[in-house]
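[1] quick check, what structure comes out for this input:
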Amino acid sequence: MSVASFDTLTAARTLEAAGLSGSQAAAVVETVRVAVIEGVATKADVAGLRAEVAPEISELRAEMKSEFSDVRAEMRSEFSDVRAEMKSEFSDVRAEMKSEFSDVRAEISDVRAEMAKLEMRMIRTIYGVGAALLTGQVATVLVLLRLLG
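    Numbering: from 1, shown residues only. Below you'll find the predicted structure:
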């Protein structure tokens, strides 16, 4: 029930019908009316409050906008720093991998050269064994086999 529509006469009659005296009903109705009227804000109260807090709200909005702007700038700077750091790290890793691959290639080349030397030694040994067998030099074959073993 709004303040404007609070019917004090009807409320007093209802209380009298419930057994209160006229003066008691009037006192109760007046107490309720005062409590309701004092506890309810009027349009003027609300308008005054709005006018009172409007500058604070505007100031808060401006502060928040500034803070958000600062945070965005800080985040952009942080992201830029992280990107630069990652780019540098990736560059270092690439250089390290390139160096490692170069070392591996060199080792593979050394192994291939060593294998070629061993292949030549084996061919010479096999040729020597074959020649010794053809010429009947069994003792030479045994020496060569011991060298291989």
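
[2] any idea of the mean pLDDT in the helix or strand containing residue 90?
    Per DSSP states H and E: residue 90 is located in helix 43-135. On average, the pLDDT along helix 43-135 is 92.

[3] next SSE downstream of that helix?
    Next in sequence after helix 43-135, counting helices and strands by DSSP H and E, comes helix 138-148.

[4] for that following helix, packing partners?
    Judged by 3 or more Cβ pairs under 8 Å, 6 or more residues apart in numbering; DSSP states H and E, helix 138-148 is in contact with helix 43-135. Where you see a C-beta, it was placed from the backbone N, CA and C, and this is true even at glycine.

[5] give me the distance from the helix it packs on to the chain's centre.
    Per Cα atoms, centre = their mean, to the nearest Å, the displacement of helix 43-135 from the mean C-alpha position of its chain is 18 Å.

[6] and that helix, what does it pack onto?
    helix 138-148.

[7] can I get the CA coordinates of the helix it packs on in CSV?
    Extracted in CSV, the C-alpha atoms of helix 138-148 (Å, rounded to 0.1, in the frame of the first residue of the first chain):
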residue,chain,number,x,y,z
VAL,A,138,98.3,-71.4,-45.3
ALA,A,139,100.5,-69.9,-42.6
THR,A,140,99.9,-66.4,-44.0
VAL,A,141,96.2,-67.0,-44.1
LEU,A,142,96.2,-68.1,-40.4
VAL,A,143,98.1,-64.9,-39.4
LEU,A,144,95.6,-62.8,-41.4
LEU,A,145,92.7,-64.5,-39.7
ARG,A,146,94.2,-63.9,-36.3
LEU,A,147,94.5,-60.2,-37.1
LEU,A,148,90.8,-60.1,-38.0
